[in-house]
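[1] I would like to see how this sequence folds:
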Amino acid sequence: MTENEISKEIVEVCYYIHKKFGPGLYESVYEQLLAFELRKRNLVVVQQLEVDLVHNEFVLEKAFRADLIINEKVIIEIKSVEELKDVHYKQVLTYLKLTGLKLGLLINFNVPLIKDGIHRVVNKL
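    Okay, the predicted model is just below:
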């Protein structure tokens, strides 16, 4: 599957979860629900992957944790906040650069309509 095909599956699952449970749950709850539903669709889901940062010969172990990585192609950063800030988008872009992945989805479940909470962040896609 391509990044865009995976993204389509993720968006469908987000709509399903948001319609069923709405906003207001903890980010960790949405993470578990997303992981469960995506696995049901036979996607490979890695949760809370610890990623190292390499700078020249220096390796900083566990520099960050990716909420979800799907099929080794798409990073999902989950939020349940009143408002997304610029730093949230930059965070996802940094994660993409450090992992070499091309597509990230920044998903804020704390919105009345989930379509307003799903944002694509790309790195050379």
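[2] make it CA atoms for all contacts and neighbour counts henceforth
    Will do.
[3] how many residues are close by the closest residue to residue 97 other than its chain neighbours?
    Closest residue to residue 97 apart from its sequence neighbours, by Cα to Cα, 6 or more residues apart in numbering: residue 123 at 6.8 Å. By the other Cα atoms under 10 Å criterion, the neighbourhood of residue 123 contains 15 residues.
[4] mind listing what residue 123 touches?
    Applying Cα atoms under 8 Å, 6 or more residues apart in numbering to residue 123 gives the contacts 93, 96-97, 101-103.
[5] give me phi/psi at it?
    Dihedral angles phi and psi of residue 123 (degrees, to the nearest 10) take the values phi -130, psi 90.
[6] most distant residue from the centre of this structure?
    When distances are taken from the C-alpha mean of the chain, residue 57 lies farthest, 29.0 Å away, according to Cα atoms, centre = their mean.
[7] give me the number of residues near residue 8?
    Neighbours of residue 8 using other Cα under 10 Å come to 12.
[8] list the buried residues in whichever strand or helix holds it.
    Residue 8 is located in helix 3-21, with elements delineated by DSSP states H and E. For helix 3-21, burial by neighbour count (16 or more other Cα atoms under 10 Å) applies to 3, 6-7, 10-11, 13-15, 17-18.
[9] what sits up against that helix?
    By Cα under 8 Å, 6+ apart, the list of residues contacting helix 3-21 from outside reads 30, 33-34, 37-38, 70-71, 73-74, 102-103, 105, 109, 114-115, 118.
[10] any chance you could map the helices in this structure?
    Assigned by DSSP state H, the chain shows helices spanning 3-21, 27-40, 86-99.
[11] show me what the second one is packed against.
    The reference is to helix 27-40. Identification of packing neighbours for helix 27-40 by 3 or more Cα pairs under 8 Å, 6 or more residues apart in numbering; DSSP states H and E yields helix 3-21, strand 45-55, strand 58-70, strand 74-79.
[12] could I get the ones you listed in TSV, plus columns for distance to residue 87 and mean pLDDT?
    Written out in TSV, the entries for the helices and strands packed on helix 27-40 read as follows (distance: least, Cα to Cα, whole Å; pLDDT from 0 to 100):
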stretch	distance to residue 87	mean pLDDT
helix 3-21	22	97
strand 45-55	19	91
strand 58-70	15	92
strand 74-79	12	98
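[13] thanks again, I'm all set now.
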